[in-house]
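*Asks:* Quick one, fold the following:
(6 chains)
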Number of protein chains: 4
Amino acid sequence: MEFKDKQSIYLQIADFICEQILLAKWPPGGRISSVRDLAGELEVNPNTVMRTYEFLQSKDIVFNKRGIGYFAAENAVDLILIYRKERFLENELPEVFKTLYLLKIDISEFQSRYEHFLSKTDPSTH
Amino acid sequence: MEFKDKQSIYLQIADFICEQILLAKWPPGGRISSVRDLAGELEVNPNTVMRTYEFLQSKDIVFNKRGIGYFAAENAVDLILIYRKERFLENELPEVFKTLYLLKIDISEFQSRYEHFLSKTDPSTH
Amino acid sequence: MEFKDKQSIYLQIADFICEQILLAKWPPGGRISSVRDLAGELEVNPNTVMRTYEFLQSKDIVFNKRGIGYFAAENAVDLILIYRKERFLENELPEVFKTLYLLKIDISEFQSRYEHFLSKTDPSTH
Amino acid sequence: MEFKDKQSIYLQIADFICEQILLAKWPPGGRISSVRDLAGELEVNPNTVMRTYEFLQSKDIVFNKRGIGYFAAENAVDLILIYRKERFLENELPEVFKTLYLLKIDISEFQSRYEHFLSKTDPSTH
DNA sequence: GTGGTCTAGACCACC
DNA sequence: GTGGTCTAGACCACA
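*Replies:* Modelled structure (predicted):
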């Protein structure tokens, strides 16, 4: 996994984990990778993964069983959707709207670009 | 002016200045606020504004007349449009698409929210 | 049985066993639950119960007959009282006093809460 | 400052800071020690203090001004009182009551010990 | 094996 | 100067 510079690695890992859960690759209630395993897989320091897990635990998206490991919460999908939707609608979307407006990008151009994106990502919809 | 945590203050100020120019509130070729004035107005350290001006100068959007002050470039609007459009299409838009997809936000919901945004921002279009 | 995060599980089980003995639910000199049974009942790993028994054995509160099982010591009640009283007066009480002082909780409030606690726990005193 | 073994250092530092604020030694709204300074003073690693500050920030007890430092929140005293009172009433007090009951410690003995504690801590009340 | 904490030291962006 | 992040490596308690 490659990381971007603009955001801290441990938050990028958090987003990655949330996506795995949203896409049902990691089942709610199930055990998730151990700190050391995930660190090895992503080629980062275990402390960095630890930070990610602490962050997600503070949001109740994952929880810990002592000596056993971390687990995705049963309602993890809902919590992630709430958390990301809030972040998106409150912070990101207004910025996008402002930029569309300032750059005079038409909604139809936006739409056609989105359809192009979809056709690459999720061919099943076509 | 309030600043967000996720992005550095000097870049947020740079965006603010670009918007003023795009919206024709600060005319191309005209003198822009002095470092000291703008710092006082935005309640930030003058060094921070200085950094913003240096950043914009490196992009040729503003220039400096020694001892007099900073001025918006004649072609500032074009430069800003190029700069922001590139940033938007390359970096921001893919993220937005991914989020729309993950959160299952429909394009029609996006569109109606955008129209609502427009009606608040620019009543002249209605 | 639910366990708290702040203290290790095997010590919480030790306290649980001591309470059973103090409350005369497990008679001194009598056989106590097998490691396997108690582990099943509390839904923990047998190793964890094993550790509890070893800990209590090191304090002479329980002892082991090889091949038969664990037994509460004849003088278990006295030992537990000495052990817990020491821990309480030396460690816990000073912390409680400090908190009462910092939070400005009056002794009368403390007392009324204690009476409420007693009326729930041990109705025979009323 | 000396630390106990049973609780992690960064949480002990958090309690220490809260006490400073409760005792009005660190004024609400005022700047608190920088990460490095406090680390040097307490003779711990800066990362450890950093963790404390992150923890307190997550509870809104302190906040950060970028590049300037950490500040105690204006309503820090209230937040600390709420936080500690909740922790005390929900977790610690029931344990104390149970112990008083199990060890058959009389409330009058508790009270006299508390008065002795007060006379050492806060002579002004006598 | 699991997580949790701490240290040491580095580098960075930012004010 | 400030905080923020990351790495490396160590040690510990716990299951």
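*Asks:* Tell me the secondary structure at the residue nearest to residue A:45 when sequence neighbours are not counted.
*Replies:* Nearest residue to residue A:45, sequence neighbours excluded (CB to CB, 6 or more residues apart in numbering or on different chains): residue A:39, at 6.3 Å. Every residue, glycine included, has its C-beta placed from N, CA and C. Assigned with DSSP: H, G, I helix; E, B strand; the rest coil, residue A:39 falls in the helix class.
*Asks:* Around chain C, pick out the residues from chain A.
*Replies:* residue A:66 (CB under 8 Å from any CB of the partner chain).
*Asks:* Within range of DNA strand F, give me the residues from chain A.
*Replies:* A:3, A:8-11, A:44-48, A:51, A:66-68 (CB under 7 Å from any atom of the strand).
*Asks:* Would you confirm that the residue nearest to residue A:45 contacts residue A:48?
*Replies:* Yes - between residue A:39 and residue A:48 a contact is recorded at 6.9 Å, counting by CB atoms under 8 Å.
*Asks:* Burial check on the residue of chain A found nearest chain D, number of neighbours?
*Replies:* Closest to chain D within chain A is residue A:58: 6.7 Å, counting by CB to the nearest CB. Other residues lying near residue A:58 total 11 when counted by other CB atoms under 10 Å in any protein chain shown.
*Asks:* Could I get the pLDDT score of it?
*Replies:* On pLDDT, residue A:58 comes in at 92.
*Asks:* ok, back up a step: tell me, how many residues neighbour the residue nearest to residue A:45?
*Replies:* 19.
*Asks:* List the contacts of it.
*Replies:* Listed by CB atoms under 8 Å, 6 or more residues apart in numbering or on different chains, the contact set of residue A:39 reads A:45, A:46, A:48, A:49.
*Asks:* what angle separates the host helix or strand of residue A:98 from helix B:93-102?
*Replies:* Per DSSP states H and E, residue A:98 falls inside helix A:93-102. Using axes from the mean of the first three to the mean of the last three CA atoms, to 10 degrees, the inter-axis angle of helix A:93-102 relative to helix B:93-102 is 130 degrees.
*Asks:* quick one: helix A:93-102 to chain centroid distance?
*Replies:* On the basis of CA atoms, centre = their mean, to the nearest Å, helix A:93-102 sits 22 Å off its chain's mean C-alpha point.
*Asks:* Check which helices and strands it sits against.
*Replies:* When contacts are defined as 3 or more CB pairs under 8 Å, 6 or more residues apart in numbering or on different chains; DSSP states H and E, helix A:93-102 sits against helix B:9-22, helix B:107-121.
*Asks:* now with 7 Å?
*Replies:* helix B:107-121 (3 or more CB pairs under 7 Å, 6 or more residues apart in numbering or on different chains; DSSP states H and E).
*Asks:* Spell out the secondary structure type for the residue of chain A most remote from its centre.
*Replies:* Residue farthest from the centre of chain A, counting by CA atoms, centre = their mean, is residue A:104 at 29.8 Å. Of the three states, residue A:104 takes coil according to three-state DSSP.
*Asks:* average model confidence for the helix holding residue A:98?
*Replies:* pLDDT averaged over helix A:93-102 gives 90.
*Asks:* So which bits of it are buried?
*Replies:* Buried residues in helix A:93-102, counted by 16 or more other CB atoms under 10 Å in any protein chain shown: A:93, A:96, A:97, A:99, A:100, A:101, A:102.
*Asks:* Look at the closest residue to the third one other than its chain neighbours and say how many residues are nearby.
*Replies:* The shortest distance from residue A:97 to any residue that is not its chain neighbour, by CB to CB, 6+ apart, is 4.3 Å, and that residue is residue B:117. Using other CB under 10 Å, residue B:117 has 17 neighbouring residues.
*Asks:* Spell out the secondary structure type for residue A:64.
*Replies:* Going by three-state DSSP: residue A:64 is strand.
*Asks:* and it, what is it in contact with?
*Replies:* Contact analysis of residue A:64 by CB atoms under 7 Å, 6 or more residues apart in numbering or on different chains lists A:57, A:70.
*Asks:* Surely the residue nearest to residue A:97 touches residue A:95?
*Replies:* No - look at residue B:117 against residue A:95 with CB atoms under 7 Å: they stay out of range, at 10.9 Å.
*Asks:* and chain A, which residues reach chain D?
*Replies:* residue A:58 (CB under 7 Å from any CB of the partner chain).
*Asks:* For chain C, see how far away the residue sitting nearest the centre point of chain A is.
*Replies:* In chain A, the centroid-proximal residue (CA atoms, centre = their mean) is residue A:15; its distance is 2.5 Å. Residue A:15 is 27 Å from chain C, where distance means CB to the nearest CB, to the nearest Å.
*Asks:* got a pLDDT number for that residue?
*Replies:* Value for residue A:15, per-residue pLDDT: 93.
*Asks:* which of the contacts of residue A:39 tops the neighbour count?
*Replies:* residue A:49 (26 neighbours).
*Asks:* Just give me the neighbour total for the residue in chain A that chain C sits nearest to.
*Replies:* Here chain A gets closest to chain C at one residue, residue A:66, 6.6 Å apart by CB to the nearest CB. Residue neighbour count, defined by other CB under 10 Å, stands at 11 for residue A:66.
*Asks:* Can you name the residues that contact it?
*Replies:* Here residue A:66 is in contact with residue C:9 (CB under 7 Å, 6+ apart).
*Asks:* for it, phi and psi?
*Replies:* phi -60, psi 130 (degrees, to the nearest 10).
*Asks:* Retrieve the pLDDT associated with it.
*Replies:* So, for residue A:66, pLDDT stands at 84.
*Asks:* what about it, distance to residue A:27?
*Replies:* Note on residue A:66: its distance to residue A:27, by CB to CB, to the nearest Å, is 22 Å.
*Asks:* Could you dump the residues of chain A next to DNA strand F into CSV with distance to residue A:31 added?
*Replies:* As requested, these are exported to CSV (distance: CB to CB, whole Å):
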residue, distance to residue A:31
A:3, 25
A:8, 25
A:9, 23
A:10, 20
A:11, 22
A:44, 20
A:45, 22
A:46, 17
A:47, 21
A:48, 20
A:51, 19
A:66, 13
A:67, 13
A:68, 8
